[in-house]
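Q: Output the structure for:
(one chain, ligands or ions: 1)
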Amino acid sequence: MSLYPPYTRITKKVKRMTATVEGVGSLQAELRDRYPHQPLKNQKALVTGANSGIGEAVVRHLAAAGASVVVNYVANEPAAAAIVNEIKAAGGEAVAIQADVSKEDQVQAMFAAMYEAYGTIDILVNNAGLQKDSAFADMTLDQWNFVLGVNLTGQFLCAREAVREFLRRGIKPEVSSAAGKIICMSSVHEVIPWAGHANYAASKGGVMLLMKSLAQEVAPKKIRVNSIGPGAIKTPINRSAWDTPQAEAELLKLIPYERVGESSDIGRAAVWLASDDSDYVTGVTLFVDGGMTLYPGFATGG
Ligand code: BGC
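A: Numbers count the residues shown, from 1 in each chain. Have a look, this model is predicted:
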């Protein structure tokens, strides 16, 4: 995966290979150089589904920006451990904690383990999400429940634990001007209908009003709740949409900015939304989509 804007990707890959051979430096250490002012210093962050894709980029960026992080995963422990090791080797703090976010007891155990490690939470990134695509008439109840369970109920369960701790602890002015920050990973499909993906689109539509309703409720307590709405970002979830030149050409027709997104695009947005730089921002979805939500078909039609 790339942690950098596309124009530096190749150089960075070469550098990483060199670094590994020489045993000095790492991709994570280079990422840290992006955040010399350490906007998340002394903050504790939990990122769900952080062992691959967008979640991995987000947890790496938050750690590079100074946060102590929890790398949540449900399967593939070695991937989570590798991320933790790389963050630590670059001078950061990280632990991996397993939990299925759709299960109440596992979520509560994960938060307890985080408090054991770090004492509290300042930033929650509700990222864990998946697709189980199907034509509507063939969609099974299991496919529906699985997607809603992880993508929507999982966000509710984690946000509820985080809000409880934010309310208990209140603001620590030396840490942040907010009592806590929640970032929900939504999608352009919180507003763009998606045939063949009714369960996924319904889950993201649900995330939108979960986020806004919660933001409205806890704003007086100085808790900020926002979403990021990624467009097409190169990750395993949508590999078939970009991994051949033909597929990528089709995809680009939907993206006015004419490039497919990188997970670093989301990592950088997450750092901003988690930091005091966005202190007056709550209840919004920040679309990071190259203009996918701009109805590109109308550029020439209508
Ligand atoms: C989906 C991807 C898709 C993108 C744009 C995301 O939420 O997970 O599979 O490529 O939206 O359609």
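Q: what are the phi and psi angles of the nearest residue to Thr48 once chain neighbours are set aside?
A: The spatially closest residue to Thr48, leaving aside those adjacent along the chain, is Ala128, at 3.9 Å (Cβ to Cβ, 6 or more residues apart in numbering). Just so you know, the C-beta spots here come from the backbone N, C-alpha and C atoms, and that holds for glycine as well. Note on Ala128: its backbone torsions stand at phi -50, psi 130 [degrees, to the nearest 10].
Q: and Ala128, what does it touch?
A: 48-49, 55, 72, 74, 101, 150-151, 154 (Cβ atoms under 8 Å, 6 or more residues apart in numbering).
Q: Show the pLDDT at the residue of the stretch 51-200 of the chain found nearest the ligand.
A: Of all residues in the stretch 51-200 of the chain, Ser187 sits closest to the ligand, at 3.2 Å by Cβ to the nearest ligand atom. pLDDT recorded at Ser187 is 98.
Q: what about it, neighbour count?
A: For Ser187, the count of nearby residues is 30 (other Cβ atoms under 10 Å).
Q: on that earlier part again, widest-spaced pair of the contacts of Ala128?
A: The two members of the contacts of Ala128 with the most space between them (Cβ to Cβ) are Asn72 and Asn151, at 14.7 Å.
Q: higher neighbour count, the two?
A: Per other Cβ under 10 Å, whichever of Asn72 and Asn151 has more neighbours is Asn72, with 29 against 26.
Q: you'd agree the more buried one is up against Val101?
A: Yes. Applying Cβ atoms under 8 Å as the test, Asn72 and Val101 come out as touching, 7.4 Å apart.
Q: Touching both of these two, which residues are there?
A: Going by Cβ under 8 Å, 6+ apart, residues that sit against Asn72 and also against Val101 are 48-49, 128.
Q: just the residues you listed that are near the ligand?
A: Filtering those for proximity to the ligand by Cβ under 6 Å from any ligand atom leaves nothing.
Q: pLDDT and distance to Glu250 added to those residues, as CSV?
A: Below are the shared contacts of Asn72 and Val101 laid out as CSV (pLDDT from 0 to 100; distance: Cβ to Cβ, whole Å):
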residue, pLDDT, distance to Glu250
Thr48, 99, 31
Gly49, 98, 27
Ala128, 98, 28
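Q: okay if I get those as TSV plus distance to Phe146?
A: Shown next, in TSV, are the shared contacts of Asn72 and Val101 (distance: Cβ to Cβ, whole Å):
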residue	distance to Phe146
Thr48	16
Gly49	14
Ala128	12
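Q: And those, which is closest to Leu214?
A: Nearest to Leu214 out of the shared contacts of Asn72 and Val101 is Thr48 (Cβ to Cβ; 16.0 Å).
Q: Run through the residues that contact the closest residue to Pro296 other than its chain neighbours.
A: Spatial nearest neighbour of Pro296, excluding adjacent residues (Cβ to Cβ, 6+ apart): Pro256 at 5.2 Å. Residues near Pro256 by Cβ under 8 Å, 6+ apart: 290-292, 294, 296, 299.
Q: Could you rerun that using 7 Å?
A: Taking Cβ atoms under 7 Å, 6 or more residues apart in numbering, we find Pro256 in contact with 290-291, 294, 296, 299.
Q: for Ile123, same thing?
A: 43, 45, 62, 67, 181, 274.
Q: returning to that earlier point: out of the contacts of Pro256, who has the most neighbours?
A: Gly290 leads the contacts of Pro256 on contacts (other Cβ under 10 Å) with 22 neighbours.
Q: buried ones in stretch 152-171?
A: 152-159, 161-163, 165-166 (16 or more other Cβ atoms under 10 Å).
Q: need the next SSE after whichever strand in the chain runs longest, C-terminal direction.
A: Across the chain, the longest stretch assigned as strand under DSSP state E is strand 223-230. Using DSSP states H and E, the next helix or strand after strand 223-230 towards the C-terminus is helix 245-252.
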